[in-house]
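# show me the folded form of this:
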Amino acid sequence: SPLASIECWGGAPHPAIPLPADLYGAARRNSSGIDLSADPAIERLTADLSRLATRDWVARPLLAGGESEGDVGTAIGNPARCDDVVGKVHAAMATEIEAALASASAFAPAWAAVSSRERARLLRACADCFESAQSELISLCIREAGKTWSNAIAEIREAVDYCRYYASQIEALPSAAGAPGVVVCISPWNFPLAIFVGEIVAALGAGSPVLAKPAEQTPLIAAHAVRLMRAAGIPGPALQLLPGLGEIVGARLTGDRRVQGVIFTGSTEVARIINRSLSQRPAQAPECRLIAETGGQNAMIIDSSAQIEQAVQDVIASGFDSAGQRCSALRVLYVQEEIANRLIETLQAAMDELLLGDPAELSTDIGPVIDETALAGLRAHIGTMRQSGQRVYQVTLPPKCAQGCFMPPTLIEIDSLDRLQQEVFGPVVHVLRFAARDMLAVVDAINATGYGLTFGMHSRIDESIEAVTDRVRAGNCYINRNMIGAVVGVQPFGGEGLSGTGPKAGGPFYLPRLLTIPNPDPRALGLICDPTNVRLAAFTDFAAWAKESGRNDLVELCEEYAGLTPLGCSCDFPGPTGERNRLDFRPRGEVFCLANDEAGLLHQIAAVLATGNTPVLLDPDDASPELWGYQVAASDLLTTLPTFRNTAWQRRISAEIGHCAAVLHAGDLSINRLIYQRLAASDGALVPLLIPQQDGCYSLCRLLCERVRTQNTTAAGGNASLMAQAL
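Residues are numbered from 1 along each chain as shown. Just a heads-up that it's a prediction; the model follows:
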């Protein structure tokens with residue numbers, strides 16, 4: 001009897017149902033939030049925010065020896081209220097930047113020598129400090145960044161989750177792993193606390209001193225976060241803050257050869273500038289590891305089987321929450337023509353219900369865009385769309401918004417995706433209609449933009465979902481739910497192509513990338529691996545050929561790669577009931593192989609095939625004098641290797657490296673630098689250049705794209721075949 005069982009428990013909670021704090025079990029404690037439906041919680045936070053509403057904040061360079069002093073500062077205003085000066089920032093001077101570089105470089109061996117257990121303890125202490133300063137951080141997020149109450153709370157929770165997630169992960173990784181030295185962290189204004197802290201604690205956890213360069217628009221939040229982290233026990237030389245302009249402070253930091261790692265979140269254009277700067281380093285300089293998470297032309301497809309009310313709700317959240325200022329936000333909405341009129345009409349009615357205003361008020365749904373420059377860019381784009389005859393629908397802007405940088409939620413129906421040449425970063429959603437027969441062509445058009453950050457789909461037909469998600473190239477796919485709010489360790493976040501280099505933040509391969517662990521055991525990272533994966537057919541043939549040819553060293557390498565390749569591995573992350581979050585891996589595509597001898601080329605081909613990619617060799621007829629030695633190696637190999645299943649490498653011989661998804665090189669360092677510079681000069685995606693590690697192996701995880709699929713499993717239902725027949 002259920003009643004008898006309940007009586008036996010004596011009113012205690014069911015042991016199989018964890019409390020929110022215990023959602024992740026023994027791995028880590030969940031971050032704490034604030035219940036904005038509870039009057040006592042609202043009253044407490046209201047009182048705190050009222051007390052902090054007129055507080056003046058200051059951001060100065062925080063160096064190894066303490067906070068610098070300066071008399072001249074730039075005012076930081078509230079984007080929702082032009083009369084509210086939140087504080088002042090004192091930009092780092094050249095002497096302060098040099099002092100920070102020198103002290104961080106000198107401190108690097110000492111910080112790397114701190115045990116992983118102690119670093120994990122310090123990261124958890126940072127999380128506790130953030131939670132204890134919740135009201136101050138919420139106030140700053142509202143006034144400096146224009147965040148609503150709920151978004152500010154979520155921002156703090158994400159920062160706390162990063163601290164505890166990386167603390168747990170660093171304890172699980174091999175203690176002998178080494179850190180790459182000083183890391184520069186450059187963060188954006190749209191997540192001035194969460195991404196700022198996430199970048200920093202990953203590098204600190206990996207054993208690298210950090211030089212943090214916050215966004216020019218939000219230095220006050222960053223300064224307060226660094227003060228809290230130092231109060232938690234992070235040594236001054238291990239974490240220094242250098243506010244200022246990107247073209248001055250950022251350029252000086254990324255151009256210094258003492259920096260051995262750069263973590264960047266921002267625009268694709270700035271990521272290219274950083275990459276080109278790194279490519280100019282001397283050939284003998286140590287590799288500087290670049291992790292870049294950039295923009296996206298994020299799309300959602302809604303087919304005729306979707307539940308319109310649910311789809312509209314998720315479009316509202318995906319496109320307009322945070323005033324559309326999320327890198328994951330919806331930019332392009334494809335609606336099947338049979339339901340387009342009804343969905344657009346419902347969407348416009350829902351947009352009219354949104355309340356725009358000062359985010360300091362709990363009732364506000366949509367706050368301001370970050371500044372006048374952003375507002376002017378959005379107005380110019382909408383004006384261009386109107387002039388070209390595209391249909392524009394905008395919410396009426398309330399009179400009270402006249403004193404801030406407010407852009408009303410906007411819907412623009414366009415006739416072609418080609419109308420969008422770049423990401424429109426704000427509360428603007430572009431709508432296109434499509435015929436059911438063209439659904440896969442729509443996916444191809446989305447892929448053709450080159451971006452690959454987030455993608456959404458609303459459908460109750462499993463076959464359509466599988467066909468689309470298998471074809472689309474996006475780092476995070478969301479099915480029958482909104483496309484925003486990725487949770488650390490639940491939906492690892494990051495894109496591919498023009499949207500970033502990988503690995504995913506809050507995922508299993510982020511810390512190994514910052515450490516000297518090119519090929520961590522996937523099983524040790526919690527992944528489940530399937531050795532029978534069909535994408536490994538060519539690799540199996542290659543390993544068999546190596547054995548038949550008596551190439552014992554190559555056989556051993558293939559056996560090692562077979563056990564370490566993440567291809568065929570997956571992981572189901574914890575999450576709320578009714579939602580499934582799954583990580584798996586896909587090949588990047590064509591990988592250019594360049595080595596000065598046959599053995600080196602064979603090692604490269606093994607790595608490429610072990611990750612399901614297609615090897616591309618140097619054209620024997622290429623006349624580049626500096627590559628003559630490589631020509632001979634490639635030509636000899638072409639007459640030796642047989643054809644393997646599922647790979648057309650022998651028919652795809654080319655000297656053009658710019659169109660490949662990755663490049664492997666083993667040989668002269670000067671040629672390595674030449675290749676890097678050629679890749680960095682491209683206006684396309686940031687193509688990784690991989691060299692063999694100390695053990696002669698290549699990093700397999702860098703030859704793969706991480707894909708996370710988040711699906712609302714409660715949205716499935718109804719007889720989809722009947723719905724399809726009815727239409």
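
# could you pull out the helices in the stretch 151-300 of the chain for me?
Secondary structure of the stretch 151-300 of the chain, counting by DSSP state H, counting those that start in this stretch: helices at 194-205, 219-231, 251-254, 268-279.

# now do residue 420 against residue 348, distance only.
21 Å (C-beta to C-beta, to the nearest Å). The way it works is simple: take the backbone N, C-alpha and C, and place the C-beta from them, glycine included.

# just give the closest residue to residue 607, not the sequence neighbours.
residue 698 (4.0 Å; C-beta to C-beta, 6 or more residues apart in numbering).

# helices of the stretch 1-150 of the chain, start to end?
2-9, 39-52, 94-113, 116-132, 134-145, 149-172.

# just the CA trace of the fifth one, in CSV.
Okay, so that is helix 134-145. Backbone C-alpha positions of helix 134-145 (Å, rounded to 0.1, in the frame of the first residue of the first chain) are rendered in CSV as follows:
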residue,chain,number,x,y,z
GLN,A,134,24.2,37.8,-4.1
SER,A,135,22.4,41.1,-3.5
GLU,A,136,25.4,43.2,-4.5
LEU,A,137,26.0,41.2,-7.7
ILE,A,138,22.3,41.4,-8.6
SER,A,139,22.3,45.1,-8.1
LEU,A,140,25.4,45.5,-10.3
CYS,A,141,24.0,43.2,-13.0
ILE,A,142,20.8,45.3,-13.1
ARG,A,143,22.4,48.8,-13.1
GLU,A,144,25.5,48.2,-15.2
ALA,A,145,24.4,45.5,-17.6
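
# against which helices or strands is that helix packed?
Applying 3 or more C-beta pairs under 8 Å, 6 or more residues apart in numbering; DSSP states H and E, one finds that helix 134-145 contacts helix 39-52, strand 74-78, strand 81-89, helix 149-172, helix 219-231.

# any buried residues in the longest one, and which?
Read that as helix 149-172. Using 16 or more other C-beta atoms under 10 Å as the burial criterion, the residues of helix 149-172 that qualify are 149-171.

# angle of it against helix 134-145?
Relative orientation of helix 149-172 versus helix 134-145 (axes from the mean of the first three to the mean of the last three C-alpha atoms, to 10 degrees): 110 degrees.

# how about low-confidence regions in the protein?
By pLDDT under 70, the weakly predicted segments of the chain are 71-72, 175-177, 620-625, 628, 646-658, 716-727.

# how far away is the closest residue to residue 214 other than its chain neighbours from residue 237?
Nearest residue to residue 214 in three dimensions, chain neighbours excluded: residue 222, at 3.5 Å (C-beta to C-beta, 6+ apart). For residue 222, the distance to residue 237 equals 18 Å [C-beta to C-beta].

# more crowded one of those two?
Neighbour count, other C-beta atoms under 10 Å: between residue 222 and residue 237, residue 222 has more, with 28 against 20.

# isn't that one right next to residue 242, touching?
No. Counting by C-beta atoms under 8 Å, residue 222 does not reach residue 242; the two are 10.0 Å apart.

# shared neighbours, these two?
Common neighbours of residue 222 and residue 242, using C-beta atoms under 8 Å, 6 or more residues apart in numbering, are residue 212.

# what is the neighbour count of residue 687?
Look at residue 687: counted by other C-beta under 10 Å, it has 23 neighbours.

# next, it: secondary structure please.
coil (DSSP: H, G, I helix; E, B strand; the rest coil).

# which element is the closest residue to it other than its chain neighbours on?
In space, and not counting its chain neighbours, residue 687 is closest to residue 679: 4.8 Å by C-beta to C-beta, 6+ apart. Assigned by DSSP states H and E, residue 679 belongs to helix 669-680.

# which helices and strands does that helix pack with?
Using 3+ C-beta pairs under 8 Å, 6+ apart: helix 669-680 touches helix 268-279, strand 662-666, strand 689-690.

# change it to 10 Å
If contacts are counted by 3 or more C-beta pairs under 10 Å, 6 or more residues apart in numbering; DSSP states H and E, helix 669-680 sits against helix 268-279, strand 590-595, strand 662-666, strand 689-690.

# let me have those in a markdown table, extended by mean neighbour count and distance to residue 78.
What follows is these, written out as a markdown table (neighbours: other C-beta atoms under 10 Å; distance: least, C-beta to C-beta, whole Å):
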| stretch | mean neighbour count | distance to residue 78 |
| --- | --- | --- |
| helix 268-279 | 20 | 25 |
| strand 590-595 | 25 | 49 |
| strand 662-666 | 24 | 45 |
| strand 689-690 | 21 | 44 |
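
# just so I know, which of these lies nearest residue 548?
Proximity to residue 548 (C-beta to C-beta) singles out strand 590-595 among those, at 21.5 Å.

# mind giving me the packing neighbours of the helix or strand following that closest one?
Moving toward the C-terminus from strand 590-595, the next helix or strand (DSSP H and E) is helix 598-610. Applying 3+ C-beta pairs under 10 Å, 6+ apart, we find helix 598-610 packed against helix 537-548, helix 552-564, strand 590-595, strand 614-616, helix 628-638, strand 662-666.

# ok now helix 598-610, how far from the chain's centre?
Computed by C-alpha atoms, centre = their mean, to the nearest Å, the separation of helix 598-610 from the middle of its chain amounts to 30 Å.

# that helix versus strand 590-595: what angle between them?
Using the same axes, to 10 degrees: helix 598-610 against strand 590-595 is 160 degrees.

# please save the CA atoms from helix 598-610 in PDB.
The C-alpha trace of helix 598-610 is given here as PDB (Å, rounded to 0.1, in the frame of the first residue of the first chain):
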ATOM      1  CA  GLU A 598      56.200   8.700 -44.800                       C
ATOM      2  CA  ALA A 599      56.100   7.700 -41.200                       C
ATOM      3  CA  GLY A 600      54.900  11.100 -40.100                       C
ATOM      4  CA  LEU A 601      52.100  11.000 -42.700                       C
ATOM      5  CA  LEU A 602      51.000   7.600 -41.600                       C
ATOM      6  CA  HIS A 603      50.800   8.800 -38.000                       C
ATOM      7  CA  GLN A 604      48.600  11.700 -39.200                       C
ATOM      8  CA  ILE A 605      46.300   9.500 -41.300                       C
ATOM      9  CA  ALA A 606      45.800   7.300 -38.300                       C
ATOM     10  CA  ALA A 607      44.700  10.300 -36.200                       C
ATOM     11  CA  VAL A 608      42.400  11.500 -39.000                       C
ATOM     12  CA  LEU A 609      40.700   8.200 -39.600                       C
ATOM     13  CA  ALA A 610      40.400   7.500 -35.900                       C
END
